[in-house]
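Asks: Requesting a structural model of the entry that follows:
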Amino acid sequence: MSAEKSAETVDTVNELKAESFVSEQKSQESVEAIEAPDGELTWIGSLWYCLCNITGPFYIWMSSKIDDRYTVAAACILSTLSMILASFTNEVWQLYLTQGIMSGIGASLAWFSCMRGPQEWFSKRRGLAVGITMSASGAGGLTFSNIAQACFKTIGWRWSLRVLGFMQFALLAVSAACCLRLNPPQKNVSFVDIKDLKNKKFLILFFIHFIGNFAFYIPSGFVPSYARHINLDEWTATNLNAIMSAFMFVGKIVIGFASDYVGRFNMAVVCGLMACIAHLAVWVTASSAASMWAFAVLYGLFGGGYISMITAVITEIVGVDRVDSGTGWAFFAWSFGGLFGQPVASAIVERGVSRDYRSAVIYAGVLFFAGACASAFLRVVQGGSKILKKV
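Replies: Model (predicted):
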């Protein structure tokens, strides 16, 4: 349970940092604004999303040399320092270094140390354990977004970043104390272990993770602006992401629980298809508040569930003894989507005279469909073609 709890804490902090990027962009309109085009500000979050998974390929080597508690302690210091330094910045490039690079690397050190916990400590209920762990990102998005917004409105963006930095220090300090291993570290580990990349089934899973992150953050990044684009009221535009986060919290737990009975590969396929449908049947035609609420609920439930399921099956593909390496490589695949996913979607939206949200939504929906198809293929490879079989 300690590893599970520490992972929840880290996910919450990660969501807090993601919210701070959004709030940072909004704060540019304040009296202390750092003037920059929106396209430049987008790269702050993209750098973080890329680097928060960057240590994956050599994490197993690092964990063989350093205890996880010390790794998370280093993340605690680096993440806190990044937010404090960001509060003193006056140029966009300084935010690239602090909130982008420093904070991203700090998150990566914490993420892998804590993410393997539920996969090692649980077997029969692994789907539920991973779901509960990753549901913390939904809870964080719902809770800390309001905290961040309140801070920015009352004490200004510079002091807000300092407050958020101190909160990260407290949360990651608890994680550092609780991040305990089930098994002793491996010996004589190479700096970069590529054995998993010789596993054909893992290569399919790597591809699923690779394309997943190009689509996963598009709703959270563009739903509020789309709501304003179709002239919904400000309250609705502001709270759609909060509703998505709330249902991600619920969905990851419920779908994780269900997957232990109907099969994790099966649920990965279902969730991928439902996330695709949410984009191509609901969001792409949305023109009212009701349709946007429907999308927020559907995507919260199944988009979050999809990410939980493609994580829960890592152990079944590579085995418990290689879960460290498998998790590292799988989430390293997220780095590419983290770096380019939002900028590509932004370029699609802004390519014409008027903002083209429809094409960006279709782009995300097609990526989810491709991920669902790849998940279905992996499910057949892993467990055969019988539709009702638990896999």
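
Asks: From now on I want contacts and neighbour counts done on CA atoms only, so please keep to that.
Replies: Fine.

Asks: Tell me where the longest helix sits in this protein.
Replies: Assignment by DSSP state H gives helix 126-178 as the longest helix of the chain.

Asks: Now do the buried residues in the helix or strand just after that one.
Replies: Per DSSP states H and E, the first helix or strand lying C-terminal to helix 126-178 is helix 200-216. Under the neighbour-count criterion of 16 or more other C-alpha atoms under 10 Å, helix 200-216 has 201-216 buried.

Asks: same question, stretch 281-292
Replies: Judged by neighbour count using 16+ other C-alpha under 10 Å, the buried positions of stretch 281-292 are 282-284, 286-287, 289, 292.

Asks: try stretch 307-320
Replies: So, applying 16+ other C-alpha under 10 Å, buried residues of stretch 307-320: 307-318, 320.

Asks: Nearest to residue 297 among the residues you listed?
Replies: Taking C-alpha to C-alpha as the measure, residue 297 lies nearest residue 307 of the buried residues of stretch 307-320, at 15.8 Å.

Asks: Tell me who's in contact with the closest one.
Replies: Each residue near residue 307 by C-alpha atoms under 8 Å, 6 or more residues apart in numbering is listed here: residue 212.

Asks: change it to 6 Å
Replies: Listed by C-alpha atoms under 6 Å, 6 or more residues apart in numbering, residue 307 has no contact partners.

Asks: Also the one 5 residues further on?
Replies: Taking C-alpha under 6 Å, 6+ apart as the contact definition, residue 312 lies against residue 127.

Asks: If we use 8 Å, what do you get?
Replies: Residue 312 neighbours (C-alpha under 8 Å, 6+ apart): 119, 126-127, 130, 264.

Asks: coming back round to it: the longest helix of the chain: how far from the chain's middle?
Replies: Here helix 126-178 is found 14 Å from its chain centre; the criterion is C-alpha atoms, centre = their mean, to the nearest Å.

Asks: Kindly confirm whether my reading is correct that residue 266 touches residue 390.
Replies: Yes: at 7.2 Å, residue 266 counts as touching residue 390 under the criterion of C-alpha atoms under 8 Å.

Asks: quick one, which of these two is more surrounded?
Replies: Neighbour count, other C-alpha atoms under 10 Å: between residue 266 and residue 390, residue 266 has more, with 21 against 16.

Asks: What mean pLDDT does the host helix or strand of the more buried one get?
Replies: Taking DSSP H and E as the criterion, residue 266 maps to helix 264-277. The pLDDT scores in helix 264-277 average 95.

Asks: What separation do you get for residue 181 and residue 116?
Replies: 9 Å (C-alpha to C-alpha, to the nearest Å).

Asks: quick one, which of these two is more surrounded?
Replies: residue 116 (24 against 18).

Asks: How about the more buried one: what's its closest non-neighbour residue?
Replies: residue 324 (6.5 Å; C-alpha to C-alpha, 6 or more residues apart in numbering).

Asks: could you list every residue that touches the one you found?
Replies: Here residue 324 is in contact with 59-60, 116 (C-alpha under 8 Å, 6+ apart).

Asks: Please repeat the previous calculation with a cut-off of 10 Å.
Replies: 56-61, 63, 112-113, 115-117, 119-120, 185, 314-315, 318 (C-alpha atoms under 10 Å, 6 or more residues apart in numbering).
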